[in-house]
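> missing the sequence, but the structure's below:
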């Protein structure tokens with residue numbers, strides 16, 4: 001369970017500080033720190049606290065709560081909630097209201113990555129730090145476009161706590177801290193050794209999980225060493241192991257199974273005359289499309305375990321209803337993590353330290369079966385076959401799991417490594433008035449992907465043979481299709497012969513150095529005026545190198561069929577300086593001011609950015625804090641937005657020019673919503689160095705109230721504006737092209753058709769001699785404005801009894817009041833909070849109840865995700881509620897055993913009878929179902 005920290009000089013805050021000072025992994029031992037926060041009489045101690053640094057400020061303070069809300073998740077919380085990974089725990093926090101791609105997107109760009117989406121602004125809009133330092137981005141671009149940090153390689157064993165600041169913080173940390181900051185703080189000064197073993201499985205089948213953790217540390221008078229090792233192994237889960245998503249027959253919108261979508265496992269047609277004979281004469285009497293498989297359909301389809309005859313609507317082909325079955329819905333992976341942190345007291349006032357983190361992950365992702373079509377292989381849907389004696393077309397053929405071997409889909413193997421090294425000196429000066437910290441660090445991430453793909457030339461040779469010429473009457477190519485190969489199963493050797501192995505390599509790194517000085521400048525009537533100053537320099541690199549054969553400009557005959565990959569490479573240097581003040585205006589009122597300037601050196605139009613923030617903390621009484629903050633923020637363009645190489649894709653365009661030229665309304669679906677104005681076209685995309693920084697503003701106001709001993713409440717309002725958010729706005733391309741051709745905008749205002757903008761868009765929308773769009777060239781652009789606002793609230797209660805033990809209850813809730821987007825200047829804002837085409841949560845809630853008595857402990861954790869639109873965009877589906885529970889027993893002074901059950905009631909997703917495409921529910925929800933784990937912990941003194 002996550003919770004918000006409370007005031008400093010009161011019972012709750014003292015317990016929190018004690019927990020932050022030392023948090024063990026096993027819940028039974030983690031409680032020792034909390035016990036130290038109470039006196040023998042059971043009342044909380046009121047001892048003055050040492051100063052600590054909390055995310056959102058570099059100034060050390062005795063009050064944990066500051067002007068902006070910070071949520072803290074400890075290692076003990078992660079264990080009590082039942083999660084095996086850091087990402088799983090963070091993903092249930094109420095503030096992460098946005099949707100992200102996950103392992104269900106096996107055919108996506110980052111199926112092995114785990115990303116967060118704070119406030120629904122997107123994965124790259126929260127800054128992820130490790131011990132206050134930037135981590136290297138995941139080198140594979142999210143959705144093929146932008147960069148973000150992957151949470152999958154963070155070892156839970158080494159975590160001390162995670163602090164989540166929900167609000168703009170660029171004045172402290174620089175770029176990316178628009179929605180907030182996630183600061184992952186690792187263990188230090190651990191003494192002893194703790195071993196933990198966890199094993200479990202799912203009750204629906206598949207997904208066996210094993211985890212081993214070893215955390216230890218040694219301390220001496222002048223030195224300390226903390227170390228951790230973690231192994232996490234998970235077995236794959238395939239769609240075929242979930243009966244509600246292993247076939248197109250699972251479509252919940254069906255009223256008749258005969259209406260189920262059937263992929264064309266084998267299909268081919270030919271033009272036939274009135275007598276049903278194949279013909280190449282386009283003027284033949286009674287000419288129509290004939291289904292040539294009709295005579296031997298059952299026999300042909302029966303040769304394949306995966307195919308069934310389909311004869312609906314006069315068609316005749318082998319249908320493939322089980323197409324989704326081979327796709328993995330949870331990846332198979334093995335991850336090894338190591339961590340070490342050491343300190344050495346050089347003098348009484350100077351300490352040297354170093355940290356090393358390394359992660360190695362190997363994962364297998366299975367996508368759905370490959371297929372080919374005559375259009376993809378031959379470059380034309382139709383061809384003349386002399387053996388058939390007519391024009392053949394619409395040839396489709398799936399390569400089935402039985403032909404591939406292994407029973408799954410097409411596997412892709414990911415090998416990933418991440419390294420984080422840091423070292424520095426820190427100490428105090430001027431009689432202890434100021435602390436200083438000088439740090440250098442290097443973080444890098446490498447990700448290689450290996451996959452098999454059908455090769456166009458090899459598929460052509462096996463199934464169609466060489467081109468035999470051009471048919472004089474039709475102009476189509478002449479091919480003698482190999483019917484035996486088309487209509488009979490291939491061996492795994494045959495499949496291997498028409499495939500090739502491809503490898504994509506990618507890497508990212510950031511090298512940085514910083515100097516921080518903080519302390520009290522002088523005394524004011526109400527207290528000390530404190531300050532912090534920071535100087536930073538950083539160099540960033542990334543490289544995405546797809547297999548040369550998958551590049552758009554490759555002209556060899558062994559290119560992957562119908563596939564192009566995105567590449568890019570670039571560098572960026574950054575130099576930063578910041579200053580922060582904490583000003584006591586009254587004994588109960590404190591102001592906070594901060595400013596920072598970041599200078600960039602890269603290929604973009606971003607030269608530099610200045611950001612500032614302010615905050616107020618008013619404590620009219622010791623148990624009440626009223627707070628507020630205002631901050632500006634910015635996000636430099638993601639490097640892949642700037643440096644992405646050219647890649648290709650197919651999309652449906654909107655021919656706004658043709659629509660407006662016909663005198664129709666381009667905003668009316670009735671006027672221009674049909675296929676006539678939405679042709680399928682080929683497109684290309686590449687980065688654009690003309691991008692500008694995205695600029696944000698955030699405001700928070702709230703209250704923290706310790707209502708009574710052991711009961712606290714927080715309520716905070718947030719408001720964020722983001723201007724110039726970057727995305728691929730192809731709609732703007734079509735709009736501008738129409739305006740340039742017609743000489744007027746939609747509102748009738750004139751436009752200069754000879755302007756640089758018009759010259760560019762007319763070049764990017766390519767039309768043929770008939771005036772039809774045939775190709776587009778897209779690029780990322782800065783859009784106008786995004787606005788979001790909402791409320792965060794949390795409560796924390798503890799109860800200690802003489803007989804029944806100790807109880808604790810926590811709850812956290814986020815409610816989005818507004819999410820409005822304006823894509824273009826001057827347009828009306830679109831309400832995406834309630835719009836049925838957008839799938840962000842309007843509310844999220846989580847709760848936790850804990851109990852401890854003697855050697856026993858138990859926890860119940862749950863979360864509720866609010867309603868989403870249904871797939872038909874006609875209403876909303878029900879909220880999603882999940883319960884986790886566990887019970888632990890300390891069997892000796894050193895050993896603890898526990899039973900953990902996640903998703904107790906085996907919930908999958910809210911019902912949506914309109915969701916008519918795989919996976920038949922929105923991908924945010926998990927199809928894994930109930931998981932059961934046993935865990936054993938042993939601690940050496």
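Yes, it's here. Just so it is clear, the structure is predicted and the values come from calculations on it, not from any experiment.
> residues in contact with the most centrally placed residue in the chain?
The residue lying closest to the centre of the chain (C-alpha atoms, centre = their mean) is residue 115, at 2.8 Å. Shown in contact with residue 115 (C-beta atoms under 8 Å, 6 or more residues apart in numbering): 100, 101, 123, 138, 142, 148, 149, 150, 151. Where C-beta positions appear, they are placed from N, C-alpha and C, glycine not excepted.
> number of residues surrounding the nearest residue to the fourth one once chain neighbours are set aside?
In other words, residue 138. Sequence neighbours aside, residue 150 is the residue nearest to residue 138 in space, at 3.8 Å (criterion: C-beta to C-beta, 6 or more residues apart in numbering). Neighbours of residue 150 under the rule other C-beta atoms under 10 Å: 27.
> ok, residue 878 next?
Close neighbours of residue 878, defined as other C-beta under 10 Å, add up to 12.
> not counting sequence-adjacent ones, nearest residue to it?
residue 910 is the one closest to residue 878 (C-beta to C-beta, 6+ apart), at 4.3 Å.
> what about the one you found, which SS state?
Three-state call for residue 910 (DSSP: H, G, I helix; E, B strand; the rest coil): coil.
> how far is stretch 611-619 from where the chain is centred?
The chain centre lies 31 Å from the centre of stretch 611-619; the measure is C-alpha atoms, centre = their mean, to the nearest Å.
> which residues are in contact with it?
Contact with stretch 611-619 is made by 7, 63, 65-68, 168-172, 174, 588-596, 598, 625-634, as judged by C-beta under 8 Å, 6+ apart.
> for the residue nearest to residue 878, give me its contacts.
867, 868, 877, 878, 879, 880, 921, 925.
> same thing but at 7 Å, please
Counting by C-beta atoms under 7 Å, 6 or more residues apart in numbering, residue 910 touches 877, 878, 879, 880.
> in stretch 623-631, what counts as buried?
623, 625, 626, 627, 628, 629, 630, 631 (16 or more other C-beta atoms under 10 Å).
> likewise stretch 571-581?
Those would be 572, 574, 576, 578, 579, 580, 581, for stretch 571-581 by 16+ other C-beta under 10 Å.
> my guess is the fifth one contacts residue 530. True?
By that I understand residue 579. No. Using C-beta atoms under 7 Å, residue 579 makes no contact with residue 530, being 11.9 Å away.
> how close does the residue nearest to the centre of the chain sit to residue 816?
Plainly put, residue 115 is 19 Å away from residue 816 if you go by C-beta to C-beta, to the nearest Å.
> ok, residue 167 next?
Distance of residue 167 to residue 816, computed by C-beta to C-beta: 15 Å.
> neighbour count: these two, which is higher?
For the pair residue 167 and residue 816, the greater number of neighbours falls to residue 167 (29 against 23), based on other C-beta under 10 Å.
> so what does the more buried one have for phi and psi?
Main-chain dihedrals, residue 167, degrees, to the nearest 10: phi 170, psi 160.
> quick check, nearest of the buried residues of stretch 623-631 to residue 318?
Checking the buried residues of stretch 623-631 against residue 318 by C-beta to C-beta gives residue 631 as the nearest, at 60.6 Å.
> ok, that closest one - contacts?
167, 168, 169, 171, 613, 698.
> and the strand or helix carrying the last one, what other elements does it pack with?
The secondary structure element spanning residue 698 is strand 694-708 (assigned by DSSP states H and E). When contacts are defined as 3 or more C-beta pairs under 7 Å, 6 or more residues apart in numbering; DSSP states H and E, strand 694-708 packs onto strand 624-635, strand 711-723.
> tell me the angle that strand makes with strand 711-723.
170 degrees (axes from the mean of the first three to the mean of the last three C-alpha atoms, to 10 degrees).
> strand 694-708: partners in the sheet, and parallel or antiparallel?
As defined by DSSP bridges, the strand partners of strand 694-708 come to strand 624-635 (antiparallel), strand 711-723 (antiparallel).
> just to revisit the earlier point, can you add secondary structure, pLDDT and distance to residue 659 and give the buried residues of stretch 571-581 back as CSV?
What follows is these, written out as CSV (DSSP: H, G, I helix; E, B strand; the rest coil; pLDDT from 0 to 100; distance: C-beta to C-beta, whole Å):
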residue, secondary structure, pLDDT, distance to residue 659
572, strand, 96, 41
574, strand, 96, 45
576, strand, 97, 48
578, strand, 97, 51
579, strand, 97, 54
580, strand, 97, 54
581, strand, 97, 57
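> show the buried residues in the contacts of stretch 611-619.
Here, 16+ other C-beta under 10 Å leaves 7, 63, 65-68, 168-172, 174, 588, 590-592, 594-596, 598, 625-634 buried among those.
> list the contacts for residue 333?
234, 361, 362, 363.
> can you name the next helix or strand after the longest helix along the chain?
In the chain, with assignment by DSSP state H, the single longest helix is helix 730-742. Sequence order places helix 756-764 as the next helix or strand after helix 730-742, per DSSP H and E.
> what angle sits between that following helix and helix 730-742?
Interaxial angle, helix 756-764 versus helix 730-742 (the same axes, to 10 degrees): 110 degrees.
> the buried residues of stretch 623-631: which two are farthest apart?
So for those, where distance means C-beta to C-beta, the most widely separated pair is 623 and 631, at 26.9 Å.
> and residue 438, how many neighbours?
Neighbour tally, residue 438, other C-beta under 10 Å: 15.
> ok, now residue 610?
12.
> please apply the same query to residue 791.
15.
> partners of it in the sheet?
residue 717, residue 815.
> pull the contacting residues for it.
Residue 791 neighbours (C-beta under 7 Å, 6+ apart): 715, 717, 815, 817.
> and stretch 885-897, how far out from the chain middle?
Here the centre of stretch 885-897 is set off from its chain's centre by 35 Å, with C-alpha atoms, centre = their mean.
> likewise stretch 620-627?
37 Å.
> report the buried residues of stretch 224-234.
For stretch 224-234, burial by neighbour count (16+ other C-beta under 10 Å) applies to 224, 225, 226, 227, 228, 229, 230, 231, 232, 233, 234.
> quick one: contacts of that stretch?
For stretch 224-234, the external contacting residues (C-beta under 7 Å, 6+ apart) are 84, 155-158, 187-190, 207, 209-218, 330, 332-343.
> now with 8 Å, please.
Residues outside stretch 224-234 that contact it (C-beta under 8 Å, 6+ apart): 84-85, 155-158, 187-190, 207-219, 330-343.
> which secondary structure state does residue 553 sit in?
The three-state label given to residue 553 by three-state DSSP is coil.
> can you get me a residue count around it?
Number of residues near residue 553 (other C-beta under 10 Å) recorded here: 9.
> residue 370 versus that one, what's the distance?
Distance from residue 553 to residue 370, by C-beta to C-beta: 23 Å.
> and of the strands paired with strand 694-708, who's closest to residue 316?
strand 711-723 (54.1 Å).
> partner strands of the helix or strand following that closest one, with direction?
Once the chain leaves strand 711-723, the next helix or strand it forms, by DSSP H and E, is strand 726-727. Applying DSSP bridges, strand 726-727 is found paired with strand 781-782 (antiparallel).
> I'd say residue 284 and residue 273 touch.
Yes. Here residue 284 reaches residue 273: they are 4.4 Å apart, a contact under C-beta atoms under 8 Å.
> ok, back up a step: now the strand holding residue 698: buried residues?
Applying 16+ other C-beta under 10 Å to strand 694-708 flags 694-706 as buried.
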